[in-house]
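> Following is a predicted model, sequence given first.
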Amino acid sequence: MGRAGGLAEACGEDQAVRSIGVAYVLWILLGLNGVHRFYCGRIGTGLLWLFTAGLFGIGWLVDAFLVPGMVREANAAARAEYGYPPPAPARVGVVGASASRVIYCTQCGSPMQVPANAVGTQYACPRCRTVLEVPA
Ligand SMILES: [Zn+2]
């Protein structure tokens, strides 16, 4: 087991996947130039950030909350492009009584409400149209 094996394992199919940690580092160091937005594939708003110093600092501050979502969306797009399977099972949350509950899209993290007895049936994400099987 040499170093090469571990390295290949580390890169592997994750090569196209962006990291939230890296995105935050870029946001802190170069965020006023929109570099974190370029990193997430958002060229248009990246250029806007570049020429307006992150919408005069306001857009930059707001991005502190948007970075994880931007990274997830970029990764979902990359997975779709490279034909990777969706990641691990959706997180499940129970809402109110037992009438309905919220599940989270495995691709974009968007919440969607489904009937409580919908286990095993399929729903399309309202945001990215990924079809999810409702977990138990
Ligand atoms: Zn989605």
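Here it is on my side, so go on. Numbers count the residues shown, from 1 in each chain.

> can the helix ranked longest in the chain be found next to the ion?
In the chain, with assignment by DSSP state H, the single longest helix is helix 58-82. No - judged by Cβ under 5 Å from the ion, helix 58-82 makes no contact with the ion; its nearest approach is 7.0 Å. Bear in mind the C-beta positions are built from the backbone N, C-alpha and C, glycine included.

> Show the average pLDDT along that helix.
The pLDDT scores in helix 58-82 average 91.

> what's next to that helix, contact-wise?
Taking contacts as Cβ atoms under 8 Å, 6 or more residues apart in numbering, the residues outside helix 58-82 that touch it are 13, 16-20, 23-24, 27, 31-32, 36-37, 39-42, 45, 48-49, 52-54, 84-87, 107-109, 128, 130.

> now swap in stretch 121-134 and tell me
Contact partners of stretch 121-134, identified using Cβ under 8 Å, 6+ apart, comprise 73, 76, 86, 90, 103, 105-108, 110, 112, 114, 118-120.
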